[in-house]
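With the input below, show me the fold.
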Amino acid sequence: MSDWIELRVQESKARDANRPVVRIDPEVMERAGIVVGDVVEIVGRRRTAAKVWNGLPEDRGKGVIRMNSILRKNADVSLNETVKVRRVEPKPAAFVKLAPVSMTIAVDANFLQYIKQRLREYVLVEGDMLQIHVLSQPLTFQVVQTKPSNTVLIITEDTQIQIFEKPVSGVKIPHVTWEDIG
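Residues are numbered from 1 along each chain as shown. Sure, this is the predicted structure:
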């Protein structure tokens, strides 16, 4: 694990709106020894995690992190607020339980296999929201339970995934932003 870095939150570019990745000021990445593909823990008012992709040249020297609306919701931060970030080694998730956020869904073996395939190498923290496109429709899930818990996890081939058919209560879907529309 590395030291914490403070970064200012910026909107992701349209091409990243549906990707669970962050882009960090390239200068900060070089200084901190963060490389493309690393996983970072992100702490706002809540904790989350994401994979790092190439920082944008125009962000060099600005101390920014670009996050899409779902990642901002997971960290419970708004644009121009600051988050603390550090590189971490995610632990393999043994078990992840998901629940749909807004609608009841039918879960069969094929659907479960499709979701598991889409989530391979996905990094998450218990309580996160994640969005998966099914037949080009975004389905939003909440991570309601993980083993181990209280740590940054990565979904592997061996991760057991369970999906509830009914939504969990008390969860608000992040509102649609312009970056989601493109």
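
What distance do you get for the closest residue to Ile154 other than its chain neighbours to Glu81?
When the adjacent residues along the chain are set aside, Ile154 lies closest to Pro90, with 4.0 Å between them (CB to CB, 6 or more residues apart in numbering). Yep, even glycine has a C-beta here, placed from its N, CA and C like the rest. To Glu81, Pro90 is 24 Å away according to CB to CB, to the nearest Å.

Those two: which has the busier surroundings?
Neighbour count, other CB atoms under 10 Å: between Pro90 and Glu81, Pro90 has more, with 21 against 13.

what residues are up against that one?
The neighbours of Pro90, taking CB atoms under 8 Å, 6 or more residues apart in numbering as the test, are Val39, Ala49, Val123, Thr151, Val152, Leu153, Ile154.

Can you give me the distance of it to Ala50?
10 Å.

Give the residues shared as contacts by the two.
Shared between the contact lists of Pro90 and Ala50 (criterion: CB under 8 Å, 6+ apart) are residues Val39, Val123.

Between the two ends of stretch 150-157, how far is it?
Its first and final residues considered, stretch 150-157 spans 21 Å by CA to CA, to the nearest Å.

So which residues of the chain form helices?
26-32, 69-75, 109-119, 178-181 (DSSP state H).

Give me the domain ranges for this protein.
Structural domains assigned to the chain are 5-88, 91-163, following automatic domain parsing.

now those domains as CSV including distance to Ser169?
Putting the domains of the chain into CSV (distance: least, CB to CB, whole Å) gives the following:
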stretch, distance to Ser169
domain 5-88, 17
domain 91-163, 10
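
For the lengthiest strand in the chain, output the C-alpha coordinates as PDB.
Of all the segments of type strand in the chain, defined by DSSP state E, the longest one is strand 137-147. This file holds the C-alpha atoms of strand 137-147, laid out as PDB (Å, rounded to 0.1, in the frame of the first residue of the first chain):
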ATOM      1  CA  GLN A 137     -29.900  -1.400 -21.100                       C
ATOM      2  CA  PRO A 138     -28.100  -0.300 -17.900                       C
ATOM      3  CA  LEU A 139     -28.900  -2.400 -14.900                       C
ATOM      4  CA  THR A 140     -27.800  -0.900 -11.600                       C
ATOM      5  CA  PHE A 141     -27.000  -3.200  -8.700                       C
ATOM      6  CA  GLN A 142     -25.800  -2.700  -5.200                       C
ATOM      7  CA  VAL A 143     -23.200  -4.800  -3.600                       C
ATOM      8  CA  VAL A 144     -25.000  -5.900  -0.400                       C
ATOM      9  CA  GLN A 145     -22.500  -8.400   1.000                       C
ATOM     10  CA  THR A 146     -19.000  -9.500   0.300                       C
ATOM     11  CA  LYS A 147     -16.500 -12.000   1.700                       C
END
